[in-house]
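Undergrad: here is a sequence with its predicted model. Questions after.
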Amino acid sequence: MDFSTTYMGMTLKNPIVPSASPLSRELATIKQMEDEGAAAIVLYSLFEEQIMEESNHLDHFLSFGADTFSEAVSYFPEMDDYNMGPDEYLNHIRAAKEAVDIPIIGSLNGVSTGGWIDFAKKIEAAGADGLELNIYYIPTNVNLSGADIEQMYLDVVHDVKQSVSIPVAVKLSPFFSSTAHMGAQLEKAGADALVLFNRFYQPDFDLEALEVISALHLSDSTELLLPLRWTAILSPQLNLDLAITSGVHTHIDVLKGMMAGAKVTMMASELLQNGVGRISQILQSLADWMEQYEYESIVQMQGSMNQRNCAEPAAYERANYMKVLQSYRLNRV
C-alpha cells in the first residue's frame, strides 16, 4: 500500500504534515513526530514584528493603516517574550535539519514586503526545504479596498519568490471576495502551493474587567468543511499544490482531504490535544480503511471527488445551499 504523495516538488512518504505550532519549538518533539510517521514538518512561525524589532524598525503595518489607534502598538507583546528571535530561528532550522530526515518547512508570519523578504533568503540558506508564508492581515481601514488587499498579498508572494529558490506556499485567508480568482493570481505570482485556510483568532470580552482579551480555541473536525469545499473547487482549476489545514483530526479527515484534491493534510490542534502519537494511530487507521475499500495508493484517490470528478458538481455551488435549506425544512414538517 503506497501512502506517498508530492508537495511543492517534494516526495513525501504520506500526506500527514504537522502544521506550524508550538510543537516544533523543541528538537525532541520534532524527532518524535518523525518517529510517529510525520512526512514533513512546518516549523512554528517567525513574526515579521520580530524581524523588524531586530533591525529597530517596527512599524506595525503603518503603510496599510492598521495602526489606527495609538494603543494598538502597546497591545503587541514584548518581542523579548518570544522563545526564539530571528537568529535563534535560523539555528533551530539548522538543528532540525541535522536531527531528522524529513523535510523542514520554515514559516514567516507577516504582511509587508519589508525586511522579512531578506529573511526568507536566510531561511533558505539555513537549509529549509520550503517556506510557508502566513500572511495574517485584518483589514480594518475603510479606505482600503479589496483590490488593495489582494495586491498586497501578490506583492509579498512575488517578492519572496524572487528572493529564494526553495518552494513557497501561501497560507490563505478564506475571506476574499473571489477565492478562485485570488488562487489563480497567486499562482501567477509564483506560489507553489496554497494552504487552506488560515484560522483567524478572534478576541473576546472580559465583562468584569471591561477589557478585550486574547482567546484561543482549538479546531475540531467540523472546521474541515470550508477548506474541503474550496480544495474540491480549486484542485481541478489550478496547477499548484493544495494543502488542507484546520479541522484535520482523524483518518477520515485525511481521506476527505485527499479525495477533494489536496496533496497533504496539516494538523496541529489534534496533536496539541492528544499528543503526537496520534500521527501513527491515524496512519494505521488510514491503512485499515484503504485495505477495506481496496485502495492501493493515496495518489489513486487524490481529486476523485473534486468538482470536476464529482457526480454532483453543483453540490459545491449555490444549488447545495438551496438543497440543504429545503431538506431541513421538510424534515421539520
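TA: Structure received.

Undergrad: what's downstream of the helix or strand of the chain with the lowest mean pLDDT, the next helix or strand?
TA: Every helix and strand in the chain was compared by mean pLDDT, DSSP states H and E; the lowest is helix 71-75, with a mean of 43. Next along the chain after helix 71-75, taking DSSP states H and E as the criterion, comes helix 86-99.

Undergrad: following that following helix, which helix or strand comes up?
TA: Towards the C-terminus, the helix or strand next in line after helix 86-99, according to DSSP H and E, is strand 104-110.

Undergrad: what helices and strands are in contact with that next one?
TA: Counting contacts by 3 or more C-beta pairs under 8 Å, 6 or more residues apart in numbering; DSSP states H and E, strand 104-110 is packed against strand 41-42, strand 46-47, helix 48-54, helix 86-99, helix 116-125, strand 130-135. Bear in mind the C-beta positions are built from the backbone N, C-alpha and C, glycine included.

Undergrad: which of the ones you listed comes out lowest on mean pLDDT?
TA: Lowest mean pLDDT within the helices and strands packed on strand 104-110: helix 48-54, a mean of 62.

Undergrad: rewinding a little: just so I know, which of the helices and strands packed on strand 104-110 lies nearest residue 2?
TA: Comparing the helices and strands packed on strand 104-110 against residue 2 with C-beta to C-beta, the closest turns out to be strand 41-42 (21.6 Å).

Undergrad: starting at the chain centroid, how far to that closest one?
TA: Here strand 41-42 shows a centroid-to-chain-centroid distance of 10 Å under the convention C-alpha atoms, centre = their mean, to the nearest Å.

Undergrad: got a list of contacts for it?
TA: Contacts of strand 41-42 from elsewhere in the structure, counted by C-beta atoms under 8 Å, 6 or more residues apart in numbering, are 17-20, 24, 30, 33-34, 96, 100, 102-105, 107, 132, 266.

Undergrad: highest average neighbour count across the helices and strands packed on strand 104-110?
TA: Of all those, strand 41-42 has the most neighbours on average by mean count of other C-beta atoms under 10 Å, namely a mean of 26.

Undergrad: so what strands line up beside that one?
TA: Within its sheet, and counting by DSSP bridges, strand 41-42 is paired with strand 104-110 (parallel).

Undergrad: what about the strand it pairs with, distance to the chain center?
TA: Centroid displacement of strand 104-110 relative to its chain, using C-alpha atoms, centre = their mean, is 10 Å.

Undergrad: for it, output the C-alpha coordinates as PDB.
TA: Extracted in PDB, the C-alpha atoms of strand 104-110 (Å, rounded to 0.1, in the frame of the first residue of the first chain):
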ATOM      1  CA  ILE A 104      11.600  21.000   7.300                       C
ATOM      2  CA  ILE A 105       9.400  23.900   6.100                       C
ATOM      3  CA  GLY A 106      10.000  27.400   7.500                       C
ATOM      4  CA  SER A 107       7.200  29.700   8.300                       C
ATOM      5  CA  LEU A 108       7.000  33.500   8.100                       C
ATOM      6  CA  ASN A 109       4.000  35.400   9.500                       C
ATOM      7  CA  GLY A 110       3.600  39.000   8.300                       C
END
